[in-house]
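>>> No sequence on hand, only this structure:
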């Protein structure tokens, strides 16, 4: 009888700590957890994990071993390294950069150095005209983080509709397109891409859905209600803490 009471007490304490009726937290995906813990990741990347939430982000993107991932505009490779380890030796990561970046060795170096590193043998750099993008293999996931607004910069003269259609074609049926970016105020014009390096999430959804994608939902893990959307994302007062939206789109099929 005493043992039963102890068990009941433990159950009640657990319920109190998690909330009545709350489902237990899902365990971290082992492949994703191992990728984030990989010793090959630079210290400066690890220091950014608290803000960039890689475990939650990759789980939302349904990243798994053996997948083919296309990363559009990978920057300095923060997510490239994690994708490489998460999809494993039988997976593939295509780091997609512009042709102009590829022609400038200094600008391309952060990504080409990852592809040349034996720790990331499944990373390949693809230089492309984004509006005519093709990949060596159809992807399970195309991902772009904090860069979609750059497609709307006045100097880029990018046909964004064509880019989204090309991404659609680059994906396998059922594949995912994840867009992460700095949120602009609702109704903000596209000119804030140049002035603030932000974009209204509603514009992104409209443009991506127009290419044939189905909107699957949003993760709020990078949302920050304290950001009033008026500062440039490089402003020291907000840098690294901007309100960011994380949208998931799926190619039907």
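Nice, I can see it. All figures in this text were calculated on a predicted structure; none of them were measured in a lab.
>>> Are there helices or strands packed against the lengthiest strand in the chain, and which ones?
The longest strand of the chain (DSSP state E) is strand 171-182. For strand 171-182, the packing partners by 3 or more Cβ pairs under 8 Å, 6 or more residues apart in numbering; DSSP states H and E come out as strand 139-145, helix 201-210, strand 244-250. Placement of C-beta: from N, CA and C, glycine included.
>>> Can you give the distance from the following helix or strand past that strand to the centre of its chain?
Per DSSP states H and E, the first helix or strand lying C-terminal to strand 171-182 is helix 192-195. Centroid separation for helix 192-195 versus its chain: 21 Å, with Cα atoms, centre = their mean, to the nearest Å.
>>> Repeat that for stretch 89-105.
Counting by Cα atoms, centre = their mean, stretch 89-105 comes out at 16 Å from the chain centroid.
>>> residues in contact with it?
Outside of stretch 89-105, the residues within contact range by Cβ atoms under 8 Å, 6 or more residues apart in numbering are 65-74, 77, 80, 83-84, 87, 107-108, 111-112, 114-115, 120-130, 133, 135-137, 139.
>>> ends of stretch 237-249, how far apart?
Stretch 237-249 has an end-to-end distance of 31 Å (Cα to Cα, to the nearest Å).
>>> next one: stretch 224-235
15 Å.
>>> pLDDT of it, averaged?
Taken as a whole, stretch 224-235 carries a mean pLDDT of 98.
>>> list the buried ones in that stretch?
For stretch 224-235, the neighbour count (16 or more other Cβ atoms under 10 Å) marks 227, 229, 231, 233 as buried.
>>> Same question for stretch 134-141.
By 16+ other Cβ under 10 Å, the buried positions in stretch 134-141 come out as 135, 139, 140, 141.
>>> per-residue confidence for the second one?
As summarised for this prediction, residue 139 has a pLDDT of 98.
>>> quick one: it from residue 170, how far?
Residue 139 sits 6 Å away from residue 170 when distances are taken as Cβ to Cβ, to the nearest Å.
>>> Residues that sit against both of these two, list them.
Residues touching both residue 139 and residue 170 (Cβ under 8 Å, 6+ apart) are residue 70.
>>> ok, how many other residues are close to residue 59?
The local packing of residue 59 (other Cβ atoms under 10 Å) involves 18 other residues.
>>> Check the one 3 residues further on too.
Residue neighbour count, defined by other Cβ under 10 Å, stands at 16 for residue 62.
>>> Quick one: residues contacting the closest residue to it other than its chain neighbours.
Spatial nearest neighbour of residue 62, excluding adjacent residues (Cβ to Cβ, 6 or more residues apart in numbering): residue 176 at 6.3 Å. Residue 176 makes contacts with 61, 62, 140, 141, 142, 216, 248, 249, 250, 251, as judged by Cβ under 8 Å, 6+ apart.
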